[in-house]
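A.B. asks: could you look at this predicted model? Sequence included:
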Number of protein chains: 2
Amino acid sequence: MKHKVAIVGAAQGKFGVREDASHRELAFEAFAGALKDSGMKKSEIGSMVTAIAADEFSFALQPSAQMHDYLGLLPKANFRVEGACASGSMALRVGWMTVASGLSDIVLVLGAEKMTEVPTAVATEIMGKGGDAIWEYPFGMSFPGYYAMIAQAHMAAFGTTEEHLAMVAVKNHFYGSQNPLAHMQKEITLEKALGSFLVAYPLKLYDCSLITDGAAAVLLANEERARDFAKPPVWIEGIGTATDTMRIAEREKVHTLQASVIAGEEAYQMAGVTPKDIDVATVHDCFTIAEICAYEDLGFCPKGEGGPFIADRQTYIGGSIPVNVDGGLKSKGHPVGATGVAMAVEITKQLRGESGSRQVPGAEIGLTHNVGGSGQVVGVTIYRKD
Amino acid sequence: MKHKVAIVGAAQGKFGVREDASHRELAFEAFAGALKDSGMKKSEIGSMVTAIAADEFSFALQPSAQMHDYLGLLPKANFRVEGACASGSMALRVGWMTVASGLSDIVLVLGAEKMTEVPTAVATEIMGKGGDAIWEYPFGMSFPGYYAMIAQAHMAAFGTTEEHLAMVAVKNHFYGSQNPLAHMQKEITLEKALGSFLVAYPLKLYDCSLITDGAAAVLLANEERARDFAKPPVWIEGIGTATDTMRIAEREKVHTLQASVIAGEEAYQMAGVTPKDIDVATVHDCFTIAEICAYEDLGFCPKGEGGPFIADRQTYIGGSIPVNVDGGLKSKGHPVGATGVAMAVEITKQLRGESGSRQVPGAEIGLTHNVGGSGQVVGVTIYRKD
């Protein structure tokens, strides 16, 4: 009944402190990359969807219109989609709908955020408003605090250790050091991670993802057009989105992101696969504990066993399910609006076999998992090699 | 191929200075109204799309998640759509796609904005950032200035007068006085409008729409479900969206919103109708000149004749095309994110024959026209009675 939807072009710009580029220029860098990757002409694009998380980073009311104009896509349709840190996956969902509903044959989904023009403390405060603005944020909560509570609950319930958390950081920095587009391209040791300064117990500096500038873009096409471009299509087979309470305090279990569980189930069902079928995944490691929760909530390992799962190197290449072998938010960086789209770029390249030293051999089915706020909205997407 | 999409429930909350209600409570008021209007159970809703224009009005990073949680729609999908003052129509577009693509059978589209918690000057400044944030806003431009330039260009090219502008205000206040949900329910005279203080030549106080708190909601359903509810469905037959340059200075013609022209053509074509077929319309009268431009850009009258068209009362009930007989942004109010959704509510009620003293007799086809910023994005939607 519906149109099938494929990714036919994908690119991520350089993530980092991008003093050299404005918001619009970051968007252009990713867009030009995706266009080149696909080999299509700009005029073939029917419409655009833009993911940007916060007005305040861009000092504008309709930042997506600025980018769209700069890309030269007038007078095609464009608007912004926001789901906090899951904005990119929500935009991908809207891009998918645009093609699947028949409104456009080819759609550009672009995510971007320029976060480093404000001081780090201000960026943390802007992001902190992604929590509950009545009972959490005004009392001093910001994201390290939210995830510290999740980590403490996980440690108390399952015996997860600070070493387990640090092991996630070591893995993601290991792969990030091999990713030329990553913000922080350096390996770290377990000792270095464990010895870094405390941010919010038990989270230390190396348990936290980065405040980053960057953009990413994918071009989607329907079945009729999917094979007209330079590279084989990567099919979007499952899309799941679920939500949870604004306040962490209202959740039955703090160590589980229930929206991840539900969005995952929805995506698996739509794609007709199970967690065992996933060959490569990117998950939302805004903090190391979040990656451990994701292993469990997405069914890669049983609940509570995420710590031993990383200790056993099951999420390295060669393990049962390689996760964040692009460096993740932890090392590649987390330019909020771009993150979900950059995840789709990574999986596209993995399923095409273009990931070089970080390639997961024989990957055919991939998954992205993108969390908004402290789990208020989660998008899970499943991709299949042509 | 695609699913057909209908509006099966619609409600607008009271627009005004709503000191009695928070952002979330405004959303609930509209949602509860739409639910009651449809007669459906809350559990039948598959997902939600929220229109909110500005983070800064809600002091939050993901304001739509706050509302969604408050409405009790967890764990269903929800995210925010933003296209400045056209956010509501962009959310309606996404709601349409959600149903048409088969992702959900029933979708809630909710728009809300609480603008009066900041001083009027601050609200005007926040909105001003909807213009170009490099070459316009930093040099002191805000929306009255943008539309004053459009008005001056229109007057210079076509002989449009300050009286023509004032006539739009008189009409919209006349109908607003009959709308119990309008922000400002009072009639005004031509003399009062012309004698009001100058904001930005030629625009006076009564040429400007209102800074308002409010929310509106529609429930969409696919063809299989559309007849299961309390009232006959209103079908969404055409959806057009187009964009224009960020900077007014880059446009070939300042007196025409080219995005209105293109979005209108797209919607007419999709619906298989012409401007002559439209029985009732709501257009984006953020300033009186904007309504005159809309008459022309949507093909209700030839270009340049919008002034004489209102002077001839062609947009009153009984004229060739009644426009904004709910009071428009001018008198009903303009809570930015809610506006596009409230327009859809008005047309739904008109096509059902529920508009009382403001009813357009025999209305079968309706149109909504919603402009973001100074014309950077425009949504035009066409509706048909069952």
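C.D. replies: In hand now; what should we look at? Residues are numbered from 1 along each chain as shown, chains lettered A, B, ... in the order given.
A.B. asks: check A:Phe143 and give its pLDDT.
C.D. replies: Note on A:Phe143: pLDDT of 92.
A.B. asks: dump the residue contacts of it.
C.D. replies: Residues near A:Phe143 by C-beta atoms under 8 Å, 6 or more residues apart in numbering or on different chains: A:124, A:127-128, A:130-131, A:286-287, A:374. (Glycine included, C-beta is placed from N, CA and C.)
A.B. asks: 6 Å - rerun?
C.D. replies: For A:Phe143, the contact set (C-beta atoms under 6 Å, 6 or more residues apart in numbering or on different chains) comprises A:Met127.
A.B. asks: and the lowest-mean-pLDDT helix or strand in chain A, anywhere near chain B?
C.D. replies: Every helix and strand in chain A was compared by mean pLDDT, DSSP states H and E; the lowest is helix A:55-58, with a mean of 82. Yes. Using C-beta under 6 Å from any C-beta of the partner chain, helix A:55-58 reaches chain B at A:Asp55.
A.B. asks: not counting its own residues, what contacts that helix?
C.D. replies: Identification of contacts with helix A:55-58 by C-beta under 6 Å, 6+ apart yields A:23, A:113-115, A:126, B:55.
A.B. asks: restricted to helices, list the residues you listed.
C.D. replies: A:23, A:126, B:55 (DSSP state H).
A.B. asks: in CSV: those residues, plus distance to A:His173.
C.D. replies: Output for the ones in helices among the contacts of helix A:55-58, formatted as CSV (distance: C-beta to C-beta, whole Å):
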residue, distance to A:His173
A:His23, 28
A:Ile126, 26
B:Asp55, 32
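A.B. asks: for the residue nearest the centre of chain A, what are its contacts?
C.D. replies: Central residue of chain A (C-alpha atoms, centre = their mean): A:Gly340, 3.4 Å from the mean position. With contact set as C-beta under 6 Å, 6+ apart, A:Gly340 has these partners: A:86, A:88-89, A:370.
A.B. asks: and the residue of the stretch 201-350 of chain A nearest chain B?
C.D. replies: Using C-beta to the nearest C-beta, A:Thr241 is the residue of the stretch 201-350 of chain A that sits closest to chain B, at 3.7 Å.
A.B. asks: surely that residue meets B:Pro75?
C.D. replies: No. Using C-beta atoms under 6 Å, A:Thr241 is not in contact with B:Pro75, being 9.4 Å away.
A.B. asks: mind checking which of those two has more residues around it?
C.D. replies: A:Thr241 (28 against 18; other C-beta atoms under 10 Å in any protein chain shown).
A.B. asks: quick one: residues contacting A:Ala10.
C.D. replies: Listed by C-beta under 6 Å, 6+ apart, the contact partners of A:Ala10 are A:34, A:37, A:218, A:345, A:348.
A.B. asks: so which of those are in helices?
C.D. replies: Of the contacts of A:Ala10, the ones assigned to helices by DSSP H are A:34, A:37, A:345, A:348.
A.B. asks: closest to A:Phe300 among those residues?
C.D. replies: A:Thr348 (20.5 Å; C-beta to C-beta).
A.B. asks: how much space separates the closest residue in space to the closest one that isn't next to it in sequence from A:Glu163?
C.D. replies: Using C-beta to C-beta, 6 or more residues apart in numbering or on different chains and skipping the chain neighbours, the partner closest in space to A:Thr348 is A:Ala10 (4.1 Å). Distance, A:Ala10 to A:Glu163, using C-beta to C-beta, to the nearest Å: 35 Å.
A.B. asks: show me what from the stretch 1-150 of chain A comes close to chain B.
C.D. replies: A:2, A:54-55, A:59-62, A:65-66, A:69, A:74-75, A:77-84, A:90, A:94, A:97, A:100-102, A:129-130, A:133.
A.B. asks: all helices for chain A, in order.
C.D. replies: With DSSP H as the criterion, chain A has helices spanning A:23-38, A:55-58, A:63-71, A:87-100, A:120-128, A:143-158, A:162-176, A:190-195, A:258-271, A:288-297, A:306-311, A:328-331, A:336-352.
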